[in-house]
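Student: Model the structure of this input:
(one chain, ligands or ions: 1)
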Amino acid sequence: MMKYIDDYKNPGAARKITENINTLAEKLPAAKRNFSIMEVCGSHTMAIARYGIRELLPENISLISGPGCPVCVTDAGYIDTAVELSRNGITIATFGDMINVPGSDTSLGKCRSEGADIHICYSPLSALELAEKNPDREVVFLAIGFETTIAPLMALLETAKSKNIKNLSIMTAFKLVPPALEALTSDPELKVDSFLCPAHVSAIIGERPYQLFVKKHKIPCVIASFEPLDILYGIEGILEQVVSNKAFVDNRYKRVVKQEGNTTAQHFMDKYLVPYDASWRGIGIIPRSGLKLKNEFDEYNTEKRFNIEVKPGKPNPACRCGDVLKGKIKPSECPLFRRTCNPFHPVGPCMVSSEGSCAAFFKYVK
Ligand code: SF4
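Tutor: This next block holds a predicted model:
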């Protein structure tokens, strides 16, 4: 057990935990001899590939990457709508990962090279500054992400309202993690035995949403951070539960994740947003898995403001991102991987994002 905050850098502890994982893997009951753990967070996916965590595990334990990359699960139709807006003279403000994501026909990066006014923001407040400095232009912020990103974006709206900024709107494609766990667990083609729950998302939502999930499905859930030792520690926690025939929410990131989560962030989300049945790229509609602006904030809602609607896109049919995001195949099993699809010529979003599984495999897995 890690006692100190800097223990996650300790090689001796890594060796000890890995030995324990191997011992626990040998003790797994026959029905769970081949055991799968899905990491639901893109940062976990990247760290697992980068630090060779898979190679440290016994053969009967497999790590499956889930839909935890926000860029990857954003529909192609959303990109198409942003492209259309930019071609109609609207200023687009976005996080950098979105720039090279292919929509149905093109990407925002290509539009920018053709002269569209598209800005990369490192913080939502940059979009606010952009709107303030250009009062004669309409600025649309591409508001995508999981629970982690949502609250800061609602703080952006709060500030825009308090400053009476009228030329800024947000196009939302927010996604929620707990409904995705539910959908993955209910998929008969997918066998997920346990979940390594995300760190930052859990810092916002706390332990409770997972507790409801575990109570219903009796699937072990462990909250872990992104350092390699944290991930090993999380895997150890999952196997301990299985060996002792238990299933509960084990918070192994207590140095950040509180049981109740971040109530200030939750307040911001409740104030501005309501749940809806959101479409996930390559996966489809998941009930109540998205958040959209309440009607009373229509003036900040891009779709309402410009009377447009995000329609389903037509991503490249050869791209297997959907199967990658559901953990059905490894990126290397996609026929395009490393051939026609690479980070310089991405065919799908999983090869673009710094949290995408295909990008992680391309960079770190030989
Ligand atoms: S390798 Fe490329 S084409 Fe294949 S699933 Fe990944 S992003 Fe899509």
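
Student: Could you grab the helix/strand/coil label for residue 314?
Tutor: Residue 314 carries the three-state label coil when classified by DSSP: H, G, I helix; E, B strand; the rest coil.

Student: Hmm, it is touching residue 104, no?
Tutor: Yes - with contact defined as CB atoms under 8 Å, residue 314 reaches residue 104; the gap is 4.3 Å. In this view, the C-beta of every residue, glycine as well, is placed from N, C-alpha and C.

Student: Need the overlap of contacts for those two.
Tutor: Shared contacts of residue 314 and residue 104, defined by CB atoms under 8 Å, 6 or more residues apart in numbering, are found at residue 76.

Student: So for those two, which sits in the more crowded spot?
Tutor: Remark: of residue 314 and residue 104, residue 104 carries more neighbours, 16 against 12, as counted by other CB atoms under 10 Å.

Student: which parts of the protein sit against the ligand?
Tutor: 319-321, 324, 331, 334, 336-337, 341, 347-348, 350-351, 358 (CB under 6 Å from any ligand atom).

Student: Give the partner strands of the longest strand along the chain in its sheet and their orientations.
Tutor: Across the chain, the strand with the greatest residue count (assigned by DSSP state E) is strand 284-293. Strand 284-293 pairs in its sheet with strand 168-175 (antiparallel), strand 273-280 (antiparallel), by DSSP bridges.

Student: could I get these as JSON lines with mean pLDDT, mean neighbour count and distance to residue 96?
Tutor: As requested, these are arranged in JSON lines below (pLDDT from 0 to 100; neighbours: other CB atoms under 10 Å; distance: least, CB to CB, whole Å):
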{"stretch": "strand 168-175", "mean pLDDT": "97", "mean neighbour count": "26", "distance to residue 96": "16"}
{"stretch": "strand 273-280", "mean pLDDT": "96", "mean neighbour count": "18", "distance to residue 96": "22"}
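
Student: and these as a markdown table, adding distance to residue 196?
Tutor: A markdown table is the format used below for these (distance: least, CB to CB, whole Å):
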| stretch | distance to residue 196 |
| --- | --- |
| strand 168-175 | 18 |
| strand 273-280 | 19 |
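
Student: How about the secondary structure of the residue lying farthest from the centre of the chain?
Tutor: Distance from the centre of the chain peaks at residue 136, with 34.5 Å (CA atoms, centre = their mean). Applying three-state DSSP to residue 136 yields a three-state assignment of coil.

Student: check contacts around the nearest residue to it once chain neighbours are set aside.
Tutor: The shortest distance from residue 136 to any residue that is not its chain neighbour, by CB to CB, 6 or more residues apart in numbering, is 7.8 Å, and that residue is residue 167. Under the criterion of CB under 8 Å, 6+ apart, the contact partners of residue 167 comprise 131, 134-139.

Student: The ligand: which of those residues is nearest?
Tutor: Proximity to the ligand was ranked across these by CB to the nearest ligand atom; first place goes to residue 139, at 29.9 Å.

Student: Now for that closest one, how many residues are close by?
Tutor: Number of residues near residue 139 (other CB under 10 Å) recorded here: 26.

Student: so where is the chain shaky, pLDDT-wise?
Tutor: Under the criterion pLDDT under 70, the flagged ranges of the chain are 1-8.

Student: quick one: contacts for residue 281?
Tutor: When contacts are counted by CB under 8 Å, 6+ apart, residue 281 touches 72-76, 315, 321-322, 325, 349.

Student: So what does it have for phi and psi?
Tutor: When read as degrees, to the nearest 10, the backbone of residue 281 gives phi -60, psi 130.

Student: Distance of it relative to residue 65?
Tutor: Applying CB to CB, to the nearest Å, the value for residue 281 to residue 65 is 15 Å.

Student: again with residue 259
Tutor: Using CB to CB, one gets 27 Å for the distance from residue 259 to residue 65.

Student: Among the two, which residue is more densely surrounded?
Tutor: residue 65 (29 against 11).

Student: so the more buried one makes contact with residue 39?
Tutor: Yes - using CB under 8 Å as the test, residue 65 is close enough to residue 39 to be in contact (6.2 Å).

Student: what residues do these two have in common as contacts?
Tutor: Taking CB under 8 Å, 6+ apart as the contact criterion, the common neighbours of residue 65 and residue 39 are 45, 48.

Student: And the contacts of stretch 238-254?
Tutor: By CB under 8 Å, 6+ apart, the residues outside stretch 238-254 that reach it are 21, 24-25, 27-29, 32, 35, 37, 61, 193-194, 196-197, 199, 202-203, 207, 210-211, 214, 217-225, 230, 233-234, 237, 257, 259.

Student: Of the residues you listed, grab the buried ones for PyMOL.
Tutor: Command for PyMOL that selects the buried part of those, burial taken from 16 or more other CB atoms under 10 Å:
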select buried, resi 21+24+25+28+35+37+61+193+194+196+197+199+202+203+207+210+214+217+219+220+221+222+223+224+225+230+233+234+237+257
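
Student: In helices, which of the contacts of stretch 238-254 fall?
Tutor: 21, 24-25, 199, 202-203, 210-211, 214, 217, 230, 233-234, 237 (DSSP state H).

Student: and which of the residues you listed is nearest to the ligand?
Tutor: residue 199 (24.2 Å).

Student: how about the helices of the stretch 251-366 of the chain, start to end?
Tutor: Assigned by DSSP state H, counting those that start in this stretch, the helices in the stretch 251-366 of the chain fall at 263-272, 302-305, 321-325, 357-364.

Student: hmm, I was thinking of the stretch 1-150 of the chain
Tutor: With helices called from DSSP H, counting those that start in this stretch, the stretch 1-150 of the chain shows them at 11-26, 42-50, 53-56, 76-87, 108-113, 124-133, 147-162.
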